[in-house]
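Asker: I would like the atomic coordinates for the input below:
(chains A and B)
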Amino acid sequence: MSYDPEHPPAKKFKPGSPAFHLQRRGPMHPGPRKPPVAMELQRRSLPIYHVRAQLIAQLRQLDCAVIIGETGSGKTTQIPQYLYEASIGRQGVIGVTQPRRVAAISLATRISEEKKAELGKLVGYTVRFEDITSEETKIKFLTDGMLLREAIGDPLLRRYSVVILDEAHERTVHTDVLFGIVKAAQKKRRELGKLPLKVIIMSATMDVDLFSQYFNGAPVLYLEGRQHPIQVFYTKQSQSDYLQAALVTVFQIHQEAPASHDILVFLTGQEEIEAMTKTCRDIAKHLSDGCPQMVVMPLYASLPHSQQLRVFHGAPKDHRKVILSTNIAETSITIPGIKYVVDAGMVKAKKYNPESGLEVLAVQRISKAQAWQRTGRAGREDSGICYRLYTEDEFEVLEKMTIPEIQRCNLASVMLQLLVLRVPNILTFDFMSKPSPDAVRAAIEQLDLLGAVERKEDQVILTPLGRKMAAFPLEPKFSKTILVSPKFHCTEEILTIVSLLSVDSVLHNPPAKRDEVQASRKKFISSEGDHITLLNIYRAFKNLGKNKEWCRENFINARNMLLVSEVRSQLRDICIKFSVSIESSRTDTRNIRQCLAHGMFINAAELQPDGTYTTVDTHQPVAIHPSSVLFHCKPACVIYNELLHTSKCYMRDLCVVDTDWLFEAAPEYFRRKLKSVKT
DNA sequence: GAGCACTGC
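Answerer: As a prediction, this is how the structure comes out:
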């Protein structure tokens, strides 16, 4: 589905017909289907059912409410139905946002079953590439990003009578922008005497005052949950090695607890988890006979889907399941039957430094809110136990909340979106948590360089180019690259490259088969860099009819590859809408690189006499990431897709360019940069 | 010289 900001999309779905073929990641465990009577009984057994009448009475009165509910309260599944059943907001659609696609899809599926309605009729959902709604749809689940896209065509959200922002405590960038958008829409609709907009914020037990204050002192309604009691233990002494502490704790539990009690361990990343998996398996092999067997499973996002699914399978009899996970198990994946949580208290998270434009991925302490979220994973079905591998004093000094994402990311997309949403002044936008002035300035500077905005007397104005850029579901530098591509007659190739860069890596690198991977990849490698190499891979994939077997043989992630072609066709549709001429450069790669230089000139780096690289923009020392095909090469000048600071500051996904092309792309900018080198 | 938390349009 493509999107034109001037004309919201027509509903393409006809109930009964399979509207889409692609599903990136299906619901993790849909659960057994229940017969209708059992389902109604289950609805009535939820804690929320007992306060249904009061809840409806209050929500009928209020323009705005904050609902705090523990997990298992049934707020997300029941409140939209209660509103509908009580004829609240029937004049329009009840929209419920979710931070994740899977959640939007599985909630809509579940509630359409509860309402005994075919999915896509009374109850439906809208996520990227899938619109399972119709004219009849009154309860609609959608990702927060999707509601934001809809707001571009209709900032007053006129088709909605109620907007419920669920999982608000997660504070995704999209939810944070939506706070401001729904607040403004509500006010404006009231002033214009239009259908009122009811706003409901749903959250776990955090941030209550912040939400209520932001929405002009909206009342807070508390819902009882059905969380089982969890005992929390701290270490007596501070642990210098959390991996060692985790290992000891796991085997202590293993030797004492019944085999049916599964353990979930929170660690920080793939490498650490793989190493720990191996260590646990080795130790488990040599345990005494009295001990149960142990099944150890790693869990992280880049693990192939099939291996992720293994965590839902019960372990064989007399075997204990031990899952070593990143924070993916905090929110995205819920594993049933966990009795013990072991929390190392650390997380790998991204920070953004607006001055250097640098994203730093670093292991850091979790927040209290995160610690409680992890703890909660032990009490989903029965009482549980949580071992925190840090002292109570250490817990007390943790930050109360995780810093919202909007204060940790590059704001270029957000600022562009606010402009196209016709926010009166993006510099004074009513954020619940304001991003730093530095970050705002850096974002506007970037949009200015890309030609998306102009600055006139302290005002930031959207240019026609900027308006087009905002229509693409991409970072501004990518939409700019697409929009300049006709000048270089290579739009077909740029669409492919941008699509490849905007999804998870299509390259699968199992460490055990390194030599095989290298041998197979050789045939695609271009000395011009990663962009052209990826283009070669996509071309081969397409020429061979998008063959899954071929992908497996060549260590290509077929699922991500199909997603690339889906993204590509979405971007292509948007180009067609703007009458962008779509040509192919065929065998010529020079003009493709020239085009990339024109769109991504801000991300340029030059080779220094000592053999190292520095960025042109801030003269930050950088290195070529080991995953790049240029890792062993030393081109004089490159553009990179992103900088990532781990053990060093790495450039990822590089393309060899001429310095002349960069000068042509932004003469003034480079003259300025050159001057600053000389001084 | 040697590596990658998690989402989403």
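Asker: thought A:Ala362 was touching A:Tyr352?
Answerer: No. Checked against C-beta atoms under 8 Å, the pair A:Ala362 and A:Tyr352 is beyond contact range at 11.6 Å. Placement of C-beta: from N, CA and C, glycine included.
Asker: So which of those two has more stuff around it?
Answerer: A:Tyr352 (19 against 12; other C-beta atoms under 10 Å).
Asker: And for the residue in the stretch 451-600 of chain A that DNA strand B sits nearest to, the neighbour number?
Answerer: Residue of the stretch 451-600 of chain A nearest DNA strand B, by C-beta to the nearest atom of the strand: A:Pro473 (3.2 Å). A:Pro473 has 19 neighbouring residues, counting by other C-beta under 10 Å.
Asker: next one: A:Gln370
Answerer: 22.
Asker: A:Met561 now?
Answerer: Quick note: A:Met561 (other C-beta under 10 Å) scores 21 neighbours.
Asker: Provide the secondary structure category for it.
Answerer: Here A:Met561 is recorded as helix under DSSP: H, G, I helix; E, B strand; the rest coil.
Asker: Return the residues in contact with it.
Answerer: Residues near A:Met561 by C-beta atoms under 8 Å, 6 or more residues apart in numbering: A:Val506, A:Tyr538, A:Phe541, A:Lys546, A:Cys551.
Asker: Can you tell me which of these are buried?
Answerer: A:Val506, A:Tyr538, A:Phe541, A:Cys551 (16 or more other C-beta atoms under 10 Å).
Asker: just to revisit the earlier point, the residue of the stretch 451-600 of chain A closest to DNA strand B against A:Leu148, yeah?
Answerer: No. Assessed by C-beta under 8 Å, A:Pro473 is found out of contact with A:Leu148, at 10.3 Å.
Asker: A:Val96: which element?
Answerer: Assigned by DSSP states H and E, A:Val96 falls within strand A:93-98.
Asker: how about the helix or strand where A:Leu571 lies: buried residues?
Answerer: Following DSSP H and E, the helix or strand that holds A:Leu571 is helix A:558-577. Across helix A:558-577, burial judged by 16+ other C-beta under 10 Å covers A:558-568, A:570-572, A:574-575, A:577.
Asker: Let me know the helix or strand that A:Ala104 is in.
Answerer: Assigned by DSSP H and E, A:Ala104 falls within helix A:101-114.
Asker: Could you see whether DNA strand B lies near that helix?
Answerer: Yes. Residues of helix A:101-114 are located near DNA strand B by C-beta under 7 Å from any atom of the strand, namely A:Arg101, A:Val102.
Asker: Just the strands from the stretch 501-650 of chain A, written as ranges.
Answerer: A:604-607, A:613-615, A:621-624, A:637-645, A:649-656 (DSSP state E, counting those that start in this stretch).
Asker: possible to save the ones you listed as CSV with mean pLDDT and distance to A:Leu483?
Answerer: Shown next, in CSV, are the strands of the stretch 501-650 of chain A (pLDDT from 0 to 100; distance: least, C-beta to C-beta, whole Å):
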stretch, mean pLDDT, distance to A:Leu483
strand A:604-607, 94, 19
strand A:613-615, 94, 24
strand A:621-624, 94, 27
strand A:637-645, 92, 17
strand A:649-656, 94, 18
